[in-house]
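Chemist: using only what follows, build the 3D model:
(chains A and B)
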Amino acid sequence: MNSRSNVLFDAPGPAARRRNNVLTLLATTATLGVACLVYAKFDEKGQWSGQLWRHFITASTWTEFIIPGLTATLKAAALGAVFALAFGAAFGVARLSDHVWIRRPAGAVIDIFRSIPLLLLIFFMFYLSPTLFGSGDYTLLALIGGLTLYNGSVLAEVLRAGVLAVPRGQSEAAYALGLRKAGVMWHVLLPQAVSAMMPTIVSQLVVLLKDTALGYIIGYQDLLSYGFQILPANYFGTRVSSAIVIAAIYIGLNTMLSALASWLEQRPFAPHERRPLALLTSE
Amino acid sequence: MDELVRYAPPLAVGFLKNLQLAVICAVISLLAGTLLVIMRVAPTPVLRAIGGVYVNVFRNTPLTLVLAFSALGLSDTLGLTFSSTPSTNSFWLVVLGLSAYTSAFVCEALRSGINTVPMGQAEAARAIGLTFVQSLRLIILPQAFRSVVAPLGSVMIAMTKNTTVAIAAGYLAESSFVMKDTFDTTGVSIPIFLGLVVAFMAVTLPIAFGAGRLAARFAVAR
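Modeler: Below you'll find the model as predicted:
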């Protein structure tokens, strides 16, 4: 619990303690009730039978299904992240350009890709690719393309906000030292912007990692499709148990990345006073 | 351009389904998110824990998995059905999954809003003898809501765009499915894609604009 919510209530007195105990009892009962209901429902449908869970302790389930799926997910996420960061840096800087003919188109591209539903973009690229490049498997290409354009546009805005938040004295000093525009941006503004926006950038990468699951819809064989289609097809009736296991994997991965983001936010050398408050990530 | 004109009616019907989903999910997720944030700051540790676990689970699970699970897991395997008509049933399953997912983000936005309320406000509320619920209802939440209008707007925009993922829950009536279906029969069509892009922008841009205006109007002067 953070210190802020502490301020919302006093250290409980006798009456509040009683009320707390009643609420605790109620909440626990309700939670247990829901848990029992889920348990009973699972039981009724035979979801607890060892048959449905046993294959998770055999090595082949992991080596043949889950690890390849996880690798594919991480591959898409890593490629998407690299391209999105590059796209974001390029367009974020372009939108800050002094030339209107660079600034406006870059801004339009960013605004358009941020407002398109990602799945529509992925579908479009998936169906467009064969027309452009001949037949082949374009699931990964479409997925990475969509992730790059969408998350890259969001990251461009994040970087732009970061650059704008760098105190003006920094760029004035850099100009005074005789640096050109590119030098000021590259040596002075961008490093500070990236450092200040690091937590936001990492949370956007969590979004990107989660969005790789959209590949499932166009048939990219990622963790979701291995765990939710291929695995249940091999072990009949394991849909629910598989879903629970892969959900746990996704949650673990994202929690680690989120923990990294909050560590970056609280690290002792963070430029606290300059960090903009705006919540820029979107899911 | 011809394709767009020819397929405009089914696309429009699909897009209306997106809007329907968005409106219903907006109402449910705003209410559920508020409830969650009250739990997350409550004096009762159990309530805080439940709220925290819920938010962390749903925030870190891909929406595609949430929706696919609500259809294939909850409905098919565990037998949760809203209606005997398959399309109505999957519509409500999408509402369930998308609202459950979005309310976690609403909760987080509101919690950051609560963090912006100066400590003195809460202390003053306690000093005049308001209980926890009273101080939340009368002092904290009104200010918190006012300071997160813009982030809530972004959450709602993301949710509107996320209605396209309904396809993962087997709901085959909204516009992204109609577009995919059309591409399957006629091949890729740039006008159809652009038409849908414009349609979505026509919804999301006003939300962004409206949220910005409201945020400026409601901003708490401090």
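Chemist: buried sites along stretch A:47-66?
Modeler: Applying a neighbour-count criterion of 16 or more other C-beta atoms under 10 Å in any protein chain shown, one finds A:47, A:52-53, A:55-56, A:61, A:65-66 buried in stretch A:47-66. Glycine gets a C-beta too; all of them are placed from N, C-alpha and C.
Chemist: avg pLDDT for that stretch?
Modeler: Average pLDDT, stretch A:47-66: 76.
Chemist: please enumerate the helices of the stretch 151-283 of chain A.
Modeler: Under the criterion DSSP state H, counting those that start in this stretch, the stretch 151-283 of chain A contains helices at A:168-176, A:181-183, A:190-211, A:215-218, A:223-225, A:231-234, A:239-266.
Chemist: how about JSON lines for the buried residues of stretch A:47-66, with distance to chain B and secondary structure added?
Modeler: Listed next are the buried residues of stretch A:47-66 as JSON lines, based on distance: C-beta to the nearest C-beta, whole Å; DSSP: H, G, I helix; E, B strand; the rest coil:
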{"residue": "A:Q47", "distance to chain B": "7", "secondary structure": "coil"}
{"residue": "A:L52", "distance to chain B": "10", "secondary structure": "helix"}
{"residue": "A:W53", "distance to chain B": "14", "secondary structure": "helix"}
{"residue": "A:H55", "distance to chain B": "17", "secondary structure": "helix"}
{"residue": "A:F56", "distance to chain B": "16", "secondary structure": "helix"}
{"residue": "A:T61", "distance to chain B": "18", "secondary structure": "helix"}
{"residue": "A:F65", "distance to chain B": "16", "secondary structure": "helix"}
{"residue": "A:I66", "distance to chain B": "14", "secondary structure": "helix"}
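Chemist: distance check, B:T116 against B:R126.
Modeler: In this view, B:T116 and B:R126 are 18 Å apart by C-beta to C-beta, to the nearest Å.
Chemist: more neighbours, these two?
Modeler: A count of neighbours by other C-beta atoms under 10 Å in any protein chain shown puts B:R126 above the other of B:T116 and B:R126, at 18 against 15.
Chemist: quick check, that one in contact with A:D10.
Modeler: Yes. With contacts defined as C-beta atoms under 8 Å, B:R126 counts as touching A:D10 at a distance of 5.9 Å.
Chemist: what's the first helix or strand after the biggest helix by length in chain B?
Modeler: Ranked by residue count, the top helix of chain B under DSSP state H comes out as helix B:2-40. Downstream of helix B:2-40, the next assigned helix or strand under DSSP states H and E is helix B:45-60.
Chemist: so for that following helix, mean pLDDT?
Modeler: Rounded mean pLDDT across helix B:45-60 is 91.
Chemist: what about that helix, near chain A?
Modeler: Yes. Contact of helix B:45-60 with chain A (C-beta under 8 Å from any C-beta of the partner chain) involves B:45-48, B:50, B:56-57, B:59-60.
Chemist: buried residues in that helix?
Modeler: Neighbour-count burial for helix B:45-60 flags B:46-48, B:50-51, B:54-55, B:57-60 (criterion: 16+ other C-beta under 10 Å).
Chemist: now stretch B:142-159
Modeler: Quick answer for stretch B:142-159 (16+ other C-beta under 10 Å): B:143-159.
Chemist: ok, A:T238 touching A:R54?
Modeler: No. A:T238 is not in contact with A:R54 according to C-beta under 8 Å; the separation is 9.6 Å.
Chemist: on that earlier part again, and the buried residues of stretch A:47-66 as CSV, adding distance to B:P10?
Modeler: Output for the buried residues of stretch A:47-66, formatted as CSV (distance: C-beta to C-beta, whole Å):
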residue, distance to B:P10
A:Q47, 38
A:L52, 40
A:W53, 43
A:H55, 42
A:F56, 43
A:T61, 42
A:F65, 37
A:I66, 39
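Chemist: closest to B:S99 out of those residues?
Modeler: Among the buried residues of stretch A:47-66, A:Q47 lies closest to B:S99 (C-beta to C-beta), at 24.3 Å.
Chemist: quick one, phi/psi of that closest one?
Modeler: As for A:Q47, its main-chain torsions (degrees, to the nearest 10) stand at phi -80, psi -10.
Chemist: what's the spacing between it and A:S241?
Modeler: In terms of C-beta to C-beta, A:Q47 sits 7 Å off from A:S241.
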